[in-house]
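A.B. asks: the amino acid sequence is not available; the structure is as follows:
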Ligand SMILES: NC(=O)C1=CN([C@@H]2O[C@H](COP(=O)(O)OP(=O)(O)OC[C@H]3O[C@@H](n4cnc5c(N)ncnc54)[C@H](OP(=O)(O)O)[C@@H]3O)[C@@H](O)[C@H]2O)[C@@H](O)CC1
Ligand SMILES: Nc1ncnc2c1ncn2[C@@H]1O[C@H](COP(=O)(O)OP(=O)(O)O)[C@@H](O)[C@H]1O
Ligand SMILES: [K+]
């Protein structure tokens with residue numbers, strides 16, 4: 001049975017893998033060479049699944065026949081488009097099809113599907129696509145996973161012409177097959193001619209599994225559905241892919257989330273507070289304590305048994321006036337930290353938010369890492385090593401988690417920075433984790449978490465999990481605290497703590513909704529835990 005699955009309803013939950021274009025081809029080839037299915041059958045399923053998914057997404061379109069314009073490219077993506085055109089026609093729709101490229105050069109499967117369409121209707125010249133009355137649906141079947149360079153200007157022009165055809169009442173709804181044309185399915189970049197406006201879609205229907213590019217950067221599609229076309233989940237050939245060969249999307253849904261988090265959250269029957277662990281958060285000087293206080297509050301709310309805020313003596317009075325459940329200790333620089341860490345029960349440290357830039361912070365970081373504690377390094381703890389990242393890497397170990405945003409990441413890994421790198425954000429984080437020997441959580445709506453051993457996952461605040469209001473001052477400090485709180489129990493590997501915290505961070509933001517400020521995030525956690533059933 002081939003049915004459309006909403007990303008959020010997937011049963012595979014935590015194990016949902018995001019594929020590269022090469023991995024998708026490998027999955028297809030594995031099935032075909034095993035004689036399980038032909039390319040033509042896959043194309044038919046892809047086209048049929050796209051129509052079913054679109055009609056369930058837009059119930060008004062399912063109510064009766066409508067009018068569609070289908071733009072078909074030169075490859076197999078175009079082949080899927082011809083299937084969609086034929087099936088809509090069979091359903092009584094009026095369908096106009098426009099083709100791009102030399103039909104003779106297309107694959108045998110695409111040519112076959114085109115011929116089947118041509119038995120019923122013409123393939124018109126793409127340059128004519130702007131003419132005619134306004135359709136109810138525009139189908140983008142120009143380019144899919146085979147894109148190798150910027151899409152041609154004539155494709156861009158035709159698409160925009162249909163999107164705004166005879167239009168004074170807004171844009172024509174667009175369904176993209178497999179991906180919005182121009183999307184690089186491996187890294188999320190849009191490949192359009194210089195100065196051209198990129199294409200977009202209201203719904204993308206992709207096949208077998210979502211691709212990495214669907215979840216990186218700002219997706220050009222408002223919604224994404226995955227359609228099963230009967231391929232095996234993980235053919236053996238996929239394991240030989242270059243690192244990271246396996247990219248997990250963190251999208252367990254609420255039911256799976258409960259099982260997942262039960263093993264991760266430190267609160268468990270029979271545990272006392274020291275079993276849950278003691279997180280130390282270091283804060284900055286007078287007037288600079290807000291970030292650390294929020295991190296500390298988040299560590300306590302997520303389940304650390306005890307949280308202590310260590311601040312310079314001059315900042316004690318100010319902090320004392322603001323803290324209750326969180327303990328407060330004066331701490332004189334790196335020496336003070338070393339003394340404090342003689343207490344073996346301090347099991348995790350959060351360093352960076354509001355700590356200040358410079359040698360003192362560098363010494364504090366070295367002391368914390370040297371004491372072999374599970375550590376979260378954020379903000380100033382990272383930026384202080386801008387001039388000599390290797391000095392940081394030399395002291396890092398696999399019990400540390402670094403939580404840079406793109407700017408901080410660029411300071412430590414200039415060659416892997418956004419804009420300079422020719423690799424995706426996924427590969428950049430994986431390479432950085434390997435170099436640093438620590439877990440890297442690279443922030444953004446598309447947060448990538450990479451462990452030094454090579455595990456990589458993506459926590460996407462995109463599509464139905466979009467929470468743009470999470471990009472607010474201090475949200476990152478709260479995340480660092482959440483990770484530090486989870487690390488305290490010592491029950492889980494650092495990258496698993498980072499994954500869980502990142503997922504909960506976005507869920508807390510979604511649960512609170514627009515208007516959120518960073519202080520709200522820790523306070524939303526109890527409600528979220530209740531809803532998940534923890
Ligand atoms: N894998 C599967 O299991 C299944 C895959 N299926 C479908 O197949 C799609 C992949 O098909 P595909 O490989 O033929 O690639 P596609 O995206 O149609 O484009 C390649 C064509 O465009 C050309 N071309 C490329 N860039 C260009 C440019 N900038 N400007 C101009 N031309 C350019 C390129 O030619 P060349 O680069 O050789 O010049 C080639 O002719 C996939 O997205 C899905 O929809 C389904 O049927 C179900 C099962
Ligand atoms: N558009 C967005 N959608 C969802 N989350 C976002 C978005 N923009 C930023 N974030 C998240 O907000 C947090 C911001 O952290 P950071 O940049 O360190 O800010 P700050 O230093 O103010 O705390 C990160 O967790 C990041 O992933
Ligand atoms: K497409």
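C.D. replies: Now that the structure is in, tell me what you want to look at. Nothing here was measured: the structure is a model prediction, and the numbers come from that model. Ligands and ions are numbered 1, 2, ... in the order given.

A.B. asks: quick one: contacts for residue 121?
C.D. replies: 85, 89, 95, 97 (Cβ atoms under 8 Å, 6 or more residues apart in numbering). Glycine gets a C-beta too; all of them are placed from N, C-alpha and C.

A.B. asks: pipe those into TSV and attach distance to residue 261, pLDDT and neighbour count per row.
C.D. replies: Below are the contacts of residue 121 laid out as TSV (distance: Cβ to Cβ, whole Å; pLDDT from 0 to 100; neighbours: other Cβ atoms under 10 Å):
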residue	distance to residue 261	pLDDT	neighbour count
85	46	98	29
89	49	98	18
95	48	98	25
97	49	98	27
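
A.B. asks: shouldn't residue 452 be within a helix?
C.D. replies: No. Counting by DSSP: H, G, I helix; E, B strand; the rest coil, residue 452 is located in no helix; its state is coil.

A.B. asks: report pLDDT for it.
C.D. replies: At residue 452, the pLDDT value in this model is 96.

A.B. asks: ok, it - contacts?
C.D. replies: Going by Cβ under 8 Å, 6+ apart, residue 452 touches 398, 433, 434, 436, 437, 438, 439.

A.B. asks: distance of residue 162 from residue 154?
C.D. replies: In this structure, residue 162 and residue 154 are 13 Å apart, going by Cβ to Cβ, to the nearest Å.

A.B. asks: what ranges do the helices span in the stretch 151-300 of the chain?
C.D. replies: 153-163, 253-262, 273-276, 290-302 (DSSP state H, counting those that start in this stretch).

A.B. asks: distance of the residue of the chain positioned farthest from its centre from ligand 3?
C.D. replies: Taking Cα atoms, centre = their mean, the residue of the chain most remote from its mean C-alpha position is residue 119, at 42.8 Å. Spatial separation of residue 119 from ligand 3 under the definition Cβ to the ion, to the nearest Å is 24 Å.

A.B. asks: got phi/psi on that residue?
C.D. replies: The phi and psi torsions at residue 119 (degrees, to the nearest 10) take the values phi -70, psi -20.

A.B. asks: ok, it to residue 30 distance?
C.D. replies: Distance from residue 119 to residue 30, counting by Cβ to Cβ: 32 Å.

A.B. asks: so, low pLDDT: which residues of the stretch 351-500 of the chain?
C.D. replies: Counting by pLDDT under 70, not a single residue of the stretch 351-500 of the chain qualifies.

A.B. asks: show me where pLDDT drops low in the stretch 201-350 of the chain?
C.D. replies: In the stretch 201-350 of the chain (pLDDT under 70), the answer is 234-243.

A.B. asks: and the strands in it, which stretches?
C.D. replies: In the stretch 201-350 of the chain, the strands defined using DSSP state E, counting those that start in this stretch lie at 203-207, 224-227, 247-249, 278-282, 306-311, 327-330, 346-351.

A.B. asks: quick one on the thing from earlier: adding distance to ligand 2 and secondary structure, write the contacts of residue 121 out as a markdown table.
C.D. replies: Formatted as a markdown table, the contacts of residue 121 follow (distance: Cβ to the nearest ligand atom, whole Å; DSSP: H, G, I helix; E, B strand; the rest coil):
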| residue | distance to ligand 2 | secondary structure |
| --- | --- | --- |
| 85 | 36 | helix |
| 89 | 41 | helix |
| 95 | 38 | strand |
| 97 | 37 | strand |
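
A.B. asks: quick one on the thing from earlier: could the helices of the stretch 151-300 of the chain go into JSON lines alongside mean neighbour count and distance to residue 429?
C.D. replies: As requested, the helices of the stretch 151-300 of the chain are arranged in JSON lines below (neighbours: other Cβ atoms under 10 Å; distance: least, Cβ to Cβ, whole Å):
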{"stretch": "helix 153-163", "mean neighbour count": "20", "distance to residue 429": "31"}
{"stretch": "helix 253-262", "mean neighbour count": "16", "distance to residue 429": "21"}
{"stretch": "helix 273-276", "mean neighbour count": "16", "distance to residue 429": "29"}
{"stretch": "helix 290-302", "mean neighbour count": "28", "distance to residue 429": "22"}
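
A.B. asks: compare the ones you listed and give me the one nearest ligand 1.
C.D. replies: Closest approach to ligand 1 among these (Cβ to the nearest ligand atom): helix 153-163, 7.5 Å.

A.B. asks: now do the helices in the stretch 351-500 of the chain.
C.D. replies: Under DSSP H, counting those that start in this stretch, the stretch 351-500 of the chain gives helices at 359-370, 379-383, 389-395, 406-412, 425-436, 475-487, 494-512.

A.B. asks: just those helices: most buried one?
C.D. replies: helix 475-487 (a mean of 30; mean count of other Cβ atoms under 10 Å).

A.B. asks: does ligand 2 sit close to that one?
C.D. replies: Yes. Interface with ligand 2: helix 475-487 contributes 475, 476, 477, 479 (Cβ under 6 Å from any ligand atom).

A.B. asks: for that helix, the distance to its chain's centre please.
C.D. replies: 19 Å (Cα atoms, centre = their mean, to the nearest Å).

A.B. asks: could you tell me the angle between that helix and strand 346-351?
C.D. replies: Put simply, helix 475-487 runs at 170 degrees to strand 346-351, going by axes from the mean of the first three to the mean of the last three Cα atoms, to 10 degrees.
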